[in-house]
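Trainee: Fold the following, please.
(2 chains)
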Amino acid sequence: MTRFFNGLRHFRRSAWEMLASVLIAGGVVMLMQPFALALYSWSFVITLLGTVMFIIVSHFPE
Amino acid sequence: MLKSSVDRVAEATPHAIARRMHGLSDRALAWLFVAPSIVLLLAVNIFPLIWTIRLSFTNFRVNRPNAEVEFVGLKNYLKILSDRDIWLTMQATAHFLIWTIVLQVLIGFTLAYLINKKFRGNDVWTTIIVLPMMLSPAVVGNFWTFLYQPQIGLFNYAVGFLTGADPSSFSMIGDVSLAPWAIIIVDTWMWTPFVMLICLAGLRSIPPSIYEAAECDRASNWRQFWTITIPLVLPFLMLAVLFRGIENFKMFDLVVQLTGGGPGSITELTSINLKREAFEKWRTGYASAYAVILFVTVFGLASIYVKALNKVKQR
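Mentor: Numbering: from 1, shown residues only, chains lettered A, B, ... in the order given. Just a heads-up that it's a prediction; the model follows:
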């Protein structure tokens, strides 16, 4: 966990890619879950944020 | 002396072209060759995408080309993301997506594993199994509609024969609880051979020497399966899941032919719903916003999936 936060602080690709992936996956689950309309409403913002972040951080150094 | 192919090409080039090319750097020449593809890609893929994003912020209706187009900001997106019907459509798509992928991977891998064993008539069985995916979805949808007929359908008869139930007592397409499973069964029947073929390619790429070494180490069949077969076939399996996932997320033809989204809207997947918004209600701006949401979802998922696939391949 400490390594992950260190990676975020030093703009390392793997840590940021992990964060972006979690956001995308979370967004998709929110989009398709049958439990709360509020989660569905915020799903697109989360997925978009994750996707844009993924595109940017894939250019960070390893 | 034999001439090299480069010399022959140089000689065959007309003087007019050769004179024009003279003085171009390798880089410029490379761009010259790649440019037509890039222009085509921009015209066919990128331009429509940008145009769709632009339309998604307007109230444009394609059936009223002379009406004034207003910029509505995020209104279309807010409407879609608070619409309960579209939310239900997303859930129907998720149900369809998850079950088809699970069933196709399980059955496809099992079939590939069996077909990979040497036995008499191996090739004939492979051809028979692969037949459904060669058919047109319209044809498949049509004849499965007949198979699902409660009175004369072979599917109902088979279920009745096996369970003892009256074949005409249930309707796969007409029943709200059975219709989602009806489309899952047909898609699984049609596309399991595709997953099987990819898995078969993976299984056949494993060198026999690895299994021989495992035999020497007295590894059991079960151990060989979990420590050799599965890890080496995993990249192929993931590729199959990616292809089927993207394909099923935009599933349209088969479901329209089978159920038309019904009964009610229980099998109305996102692509069918999107088509209705765009070409039946003619809400082009709204449908564009809907398309952008689906695009971002598929693009995001595909990005993390390709990253995971590369990681598995590196191992």
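
Trainee: For the rest of this, base every contact and every neighbour count on C-alpha atoms.
Mentor: Fine.

Trainee: so who does the residue in the stretch 1-150 of chain B that chain A sits nearest to touch?
Mentor: The minimum distance from the stretch 1-150 of chain B to chain A, using C-alpha to the nearest C-alpha, falls at B:Leu81 (4.6 Å). Listed by C-alpha atoms under 8 Å, 6 or more residues apart in numbering or on different chains, the contact partners of B:Leu81 are A:Tyr40, A:Ser41, A:Trp42, A:Phe44, B:Trp87.

Trainee: Please identify which helix or strand holds the second one.
Mentor: Assessed by DSSP states H and E, A:Ser41 sits inside helix A:37-57.

Trainee: quick one: is stretch B:90-103 near chain A?
Mentor: Yes: part of stretch B:90-103 sits near chain A under the criterion C-alpha under 8 Å from any C-alpha of the partner chain, namely B:Met90, B:Gln91, B:Ala94.

Trainee: Highest neighbour count among these?
Mentor: Neighbour counts for the residues of stretch B:90-103 next to chain A (other C-alpha atoms under 10 Å in any protein chain shown) peak at B:Met90, which has 24 neighbours.

Trainee: nearest spatial neighbour of that one, skipping sequence neighbours?
Mentor: A:Met32 (5.3 Å; C-alpha to C-alpha, 6 or more residues apart in numbering or on different chains).

Trainee: And for that neighbour, the neighbour number?
Mentor: A:Met32: 20 surrounding residues under other C-alpha under 10 Å.

Trainee: Contact partners for the single nearest residue of chain A relative to chain B?
Mentor: Of all residues in chain A, A:Ser41 sits closest to chain B, at 4.6 Å by C-alpha to the nearest C-alpha. The contact partners of A:Ser41, by C-alpha under 8 Å, 6+ apart, come to A:Leu31, B:Leu78, B:Leu81, B:Ser82.

Trainee: Work out for me the element the first one sits within.
Mentor: Using DSSP H and E, A:Leu31 sits within helix A:13-32.

Trainee: before we move on, what about the second one?
Mentor: Here B:Leu78 sits within helix B:75-80, counting by DSSP H and E.

Trainee: What mean pLDDT does the helix or strand following that helix get?
Mentor: Going down the chain from helix B:75-80, the next helix or strand is helix B:84-115, by DSSP H and E. Helix B:84-115 comes out with an average pLDDT of 95.

Trainee: In the stretch 201-315 of chain B, what residue lies closest to chain A?
Mentor: Counting by C-alpha to the nearest C-alpha, the stretch 201-315 of chain B gets nearest to chain A through B:Gly300 (5.1 Å).

Trainee: Wait, that residue touches A:Thr51, no?
Mentor: Yes: using C-alpha atoms under 8 Å, B:Gly300 is in contact with A:Thr51, at 5.1 Å.

Trainee: which neighbours do those two share?
Mentor: Contacts common to B:Gly300 and A:Thr51, judged by C-alpha under 8 Å, 6+ apart, are A:Ile24.

Trainee: Dump the strand or helix carrying B:Ala35 to PDB, restricted to CA.
Mentor: According to DSSP H and E, B:Ala35 maps onto helix B:26-41. The C-alpha trace of helix B:26-41 is given here as PDB (Å, rounded to 0.1, in the frame of the first residue of the first chain):
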ATOM      1  CA  ASP B  26      12.900   8.500 -46.400                       C
ATOM      2  CA  ARG B  27      10.600  10.000 -43.700                       C
ATOM      3  CA  ALA B  28       8.700  12.100 -46.300                       C
ATOM      4  CA  LEU B  29       8.300   9.000 -48.500                       C
ATOM      5  CA  ALA B  30       7.000   7.000 -45.500                       C
ATOM      6  CA  TRP B  31       4.500   9.700 -44.800                       C
ATOM      7  CA  LEU B  32       3.500   9.700 -48.400                       C
ATOM      8  CA  PHE B  33       2.600   6.000 -48.300                       C
ATOM      9  CA  VAL B  34       0.900   6.200 -44.900                       C
ATOM     10  CA  ALA B  35      -1.100   9.400 -45.700                       C
ATOM     11  CA  PRO B  36      -4.000   7.800 -47.600                       C
ATOM     12  CA  SER B  37      -4.700   5.400 -44.800                       C
ATOM     13  CA  ILE B  38      -4.600   8.200 -42.200                       C
ATOM     14  CA  VAL B  39      -6.900  10.400 -44.300                       C
ATOM     15  CA  LEU B  40      -9.300   7.400 -44.700                       C
ATOM     16  CA  LEU B  41      -9.200   6.700 -40.900                       C
END
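
Trainee: and it, what other elements does it pack with?
Mentor: The contact analysis (3 or more C-alpha pairs under 8 Å, 6 or more residues apart in numbering or on different chains; DSSP states H and E) places helix B:26-41 against no helix or strand.
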